[in-house]
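# model this:
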Amino acid sequence: MKKLTCLGLSIVMALSLLAGCGSSNTGDTTSDQSSAGSNNAASSSGNTETTLSGVVNTNGSTSMESVMKILGEAFHELNPDVEVKYNGSGSGAGVTSAIDGTADLGLASRELKPEEEEQGAVAHVVALDGVAVVVNPENGVESLTVEQIAQIFKGEITNWKEVGGEDMEIAVYGREAGSGTRGAFEEILGIEDAAKYLNEYSSTGDVIGNVASNPAAIGYASLSAVGDTVKAVKVGGVECTEATVQDGSYAIQRPFIMITKDGTELSEVAQAFLEFAMSADVADLIAQAGAVPPVQ
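Numbers count the residues shown, from 1 in each chain. Below you'll find the model as predicted:
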């Protein structure tokens, strides 16, 4: 899978695609990074320019970390007086933070639930993501049907030999309750409250790492997180790729959303960042982050 090996190139692309001015110091690239840029708007007289400044607090999905990092760094180049902060606390917390106003923008890697929409949560799709079904590279199984995957995660299929693999008891790994990845995966498969996990982990990285170290393991992870240490099996014969997610042929996919609260006005800088993240001009940056740009 793609990794963020070309952030410098991404920023150059952003600068060439988006109107803006000025250069800036490169911010910290940790998950709690700062991002900024200079997005100038002409005044009504046409003779004066104003520069955005302030802080944008974002909170939520850990699966969106790569997307948030690359968007934040590009926005940093365009708006050097704006600091964009990202906190990866999980999708459920992201929705809550948008509703209660503790973050400017909540982040979730799943659709909003009806009860969340009833509380005023509004979803803004910034990217799409395939949820890859991952196994250890030593596993000879190359493809599973949606039904087989559901049966494995419900504990109805317990040995790899039942799906064409070796005689090994399947070790089922997944995310903790409240994870957007888990919520989307179980909802798509129709196994909410029915999945049986050997181990549950608090991050996508932990799932990947443990599947990579156990030849009998199976798990799931965001497409953007899948690297060479695990193997993504085909689902119904279809690979999990950017192209198959965007055209809808890959069955297990979800949106990456930014969340606002209905009736609550964003700050100028938060509104500018939201519009930036949803613009067609950042499609290449979304792809660079390993996610899939939505169809505009």
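
# part of a strand, is Val207?
No: assigned with DSSP: H, G, I helix; E, B strand; the rest coil, Val207 falls outside any strand and is helix.

# how about it, nearest residue that isn't a chain neighbour?
In this structure, Val207 finds its nearest non-sequential neighbour in Gly219, 4.5 Å apart by Cβ to Cβ, 6 or more residues apart in numbering. All C-beta spots, glycine's among them, are computed from the backbone N, C-alpha and C.

# doesn't the one you found fall inside a helix?
No: per three-state DSSP, Gly219 lies outside any helix segment and is strand.

# run a quick neighbour tally on it.
Neighbour count of Gly219, defined by other Cβ atoms under 10 Å: 31.

# check Glu117 too.
14.

# and it, what element?
Per DSSP states H and E: Glu117 is located in helix 114-118.

# ok, what's across the strand from the residue nearest to Val125 when sequence neighbours are not counted?
Leaving aside its chain neighbours, Val125 sits nearest to Pro255 (4.7 Å; criterion: Cβ to Cβ, 6+ apart). Pro255 forms beta bridges with Leu128, as assigned by DSSP bridges.

# select the longest helix from the chain.
Counting residues, the longest helix found in the chain (DSSP state H) is helix 65-78.

# other SSEs contacting the helix or strand just after that one?
Next helix or strand after helix 65-78 toward the C-terminus (DSSP H and E): strand 82-88. The contact analysis (3 or more Cβ pairs under 8 Å, 6 or more residues apart in numbering; DSSP states H and E) places strand 82-88 against strand 54-60, helix 65-78, helix 268-278.

# who touches the last one?
If I follow you right, that is helix 268-278. 18, 39, 52-56, 71, 74-75, 78-79, 82, 84, 104-105, 124-126, 258, 260, 266, 282 (Cβ atoms under 8 Å, 6 or more residues apart in numbering).

# buried residues in it, which are they?
Using 16 or more other Cβ atoms under 10 Å as the test for burial, helix 268-278 gives Val269, Ala270, Gln271, Ala272, Phe273, Leu274, Phe276, Ala277.

# ok now that helix, how far from the chain's centre?
18 Å (Cα atoms, centre = their mean, to the nearest Å).

# what is the distance between the helix or strand following it and the centre of its chain?
Proceeding N to C from helix 268-278, the next assigned helix or strand is helix 283-288, under DSSP H and E. Centroid separation for helix 283-288 versus its chain: 12 Å, with Cα atoms, centre = their mean.

# any idea how far the residue nearest to Val125 lies from His124?
10 Å (Cβ to Cβ, to the nearest Å).

# brilliant, that's me finished.
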